[in-house]
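Engineer: can you look at this prediction? I've put the sequence above it.
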Amino acid sequence: MSADDGFERLRPQLLRLAYSQLGSLSEAEDVVQEAWLRLQRTDQEAIDDLRAWLTTVVGRLSLDAMRSARVRREQYIGPWLPDPLVETPSSEPDPADRVTLDESVSHALLVVLESLSPAERTAFVLHDVFGFAFEEVGVIVGRSPASTRQLASRARRHVEEQRPRYPASLDQQRSVVAAFTAAVGDGDLDGLLALLDPDVVLRSDGGGLVNAARKPILGADRVGRSLLAFARKGRGSSQVRFVDVNGMPGLLIAEASGILTVTAFTIDGGRIVALDVVRNPEKLRHVQGVR
């Protein structure tokens with residue numbers, strides 16, 4: 001098998017790796033494309049293990065991209081949320097063409113990973129999510145295996161602190177999302193409050209391009225009333241459908257104006273503890289086909 005053929009075979013994994021590090025599909029695609037260009041400029045016969053070589057290149061490029069992205073995200077208008085990967089629940093995407101994920105890289109996890117340092121995030125993603133040895137990860141982050149182990153340990157503690165204590169099963173999450181959709185559609189504030197954790201947070205990412213809350217909305221009553229107000233504006237002219245967002249049940253709303261909204265849910269103990277609402281059109285270009 002040629003190196004080019006090997007690259008194409010590994011492309012889905014490389015794209016998944018870069019996306020998990022960056023939270024941005026477009027940036028991940030740029031990283032993988034740059035890795036391919038570097039492969040073309042390299043003596044391919046000198047590469048003993050193509051998978052290890054490409055993983056190292058993509059890991060380092062993603063780490064560099066993460067560091068530069070931090071500055072841009074600090075200047076972002078409103079909350080910055082990861083790009084959602086949206087599929088219809090029954091779809092079977094072609095792994096050669098799309099990034100496919102399960103709940104191990106949920107949208108909620110990507111939000112938590114944003115609070116880590118680039119090196120911590122890289123160590124956690126490569127070791128805990130993809131199963132790479134600390135020796136391999138250390139080469140990418142430029143640390144000793146022992147130091148890399150400490151990076152991953154710090155990241156893991158932070159992730160565990162933020163993860164739901166009583167996470168919902170797939171069926172439970174579908175049930176809660178369906179009940180949420182019905183309550184919002186009926187304008188049922190009491191029914192909605194019964195589904196929301198008292199300390200629920202709603203984050204909305206419009207990127208300054210479409211209407212979205214510039215700051216997170218906290219508390220069940222404020223979140224509930226905000227959701228119903230948003231629903232009233234679009235009632236009768238919006239289409240709502242159930243989708244999978246990064247492998248977990250979520251919602252896709254298509255407004256008559258063409259604006260899309262993707263909502264990812266975090267559920268703990270049977271109640272919604274976080275809603276991540278992505279409306280930035282630049283982050284939803286790849287969602288058009290799901291409509």
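Structural biologist: Cool, the structure landed.
Engineer: tell me the mean pLDDT over stretch 82-102?
Structural biologist: Per-residue confidence for stretch 82-102 averages out to 65 on the pLDDT scale.
Engineer: ok, and the closest non-adjacent residue to the residue nearest the centre of the chain?
Structural biologist: For the chain, the residue lying nearest the average C-alpha position, counting by CA atoms, centre = their mean, turns out to be H107 (3.7 Å). If the residues on either side of it in the chain are set aside, H107 comes closest to A264, at 3.8 Å by CB to CB, 6 or more residues apart in numbering. Placement of C-beta: from N, CA and C, glycine included.
Engineer: likewise for P281?
Structural biologist: Spatially, and ignoring its direct neighbours in sequence, P281 is nearest to L209 (5.8 Å; CB to CB, 6+ apart).
Engineer: what do you get for A212?
Structural biologist: G206 (2.8 Å).
Engineer: same check on E114?
Structural biologist: Counting by CB to CB, 6+ apart, the nearest residue to E114 once its immediate chain neighbours are dropped is G23, at 6.6 Å.
Engineer: list the residues that contact the one you found.
Structural biologist: Applying CB atoms under 8 Å, 6 or more residues apart in numbering to G23 gives the contacts 82-83, 110, 113-114.
Engineer: JSON lines for these, including secondary structure?
Structural biologist: Converted to JSON lines, the contacts of G23 look like this (DSSP: H, G, I helix; E, B strand; the rest coil):
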{"residue": "P82", "secondary structure": "coil"}
{"residue": "D83", "secondary structure": "coil"}
{"residue": "L110", "secondary structure": "helix"}
{"residue": "L113", "secondary structure": "helix"}
{"residue": "E114", "secondary structure": "coil"}
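Engineer: pick the one among these closest to L252.
Structural biologist: Minimum separation from L252 among those (CB to CB) is found for D83, which lies at 13.9 Å.
Engineer: for this protein, which segments count as strands?
Structural biologist: In the chain, the segments counted as strands under DSSP state E are 86-87, 196-205, 217-218, 238-245, 248-255, 260-268, 271-278.
Engineer: local confidence estimate at S238?
Structural biologist: At S238, the model reports a pLDDT of 84.
Engineer: wait, isn't it in contact with S257?
Structural biologist: No - because the distance of 9.3 Å does not satisfy CB atoms under 8 Å, S238 is recorded as not touching S257.
Engineer: rewinding a little: mind checking how far the residue nearest to H107 is from A274?
Structural biologist: Using CB to CB, to the nearest Å, one obtains 8 Å as the distance from A264 to A274.
Engineer: need the overlap of contacts for these two.
Structural biologist: Common neighbours of A264 and A274 are listed as A108 (criterion: CB under 8 Å, 6+ apart).
Engineer: what sits up against the helix of greatest length in the chain?
Structural biologist: For the chain, the longest helix by residue count, based on DSSP state H, is helix 50-74. Residues external to helix 50-74 that are found in contact with it (CB under 8 Å, 6+ apart): 3, 6-7, 10, 14, 17-18, 21-22, 24, 27-28, 30-32, 34-35, 38-39, 47, 80, 114, 118-119, 121-122, 126, 132, 136-137, 139-141.
Engineer: of those, just the buried ones, ChimeraX syntax please.
Structural biologist: Per 16 or more other CB atoms under 10 Å, the buried members of the contacts of helix 50-74 correspond to this ChimeraX selection:
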select :3,6,7,10,14,17,18,21,22,24,27,28,31,32,34,35,39,80,114,118,119,121,122,126,132,136,137,139,140,141
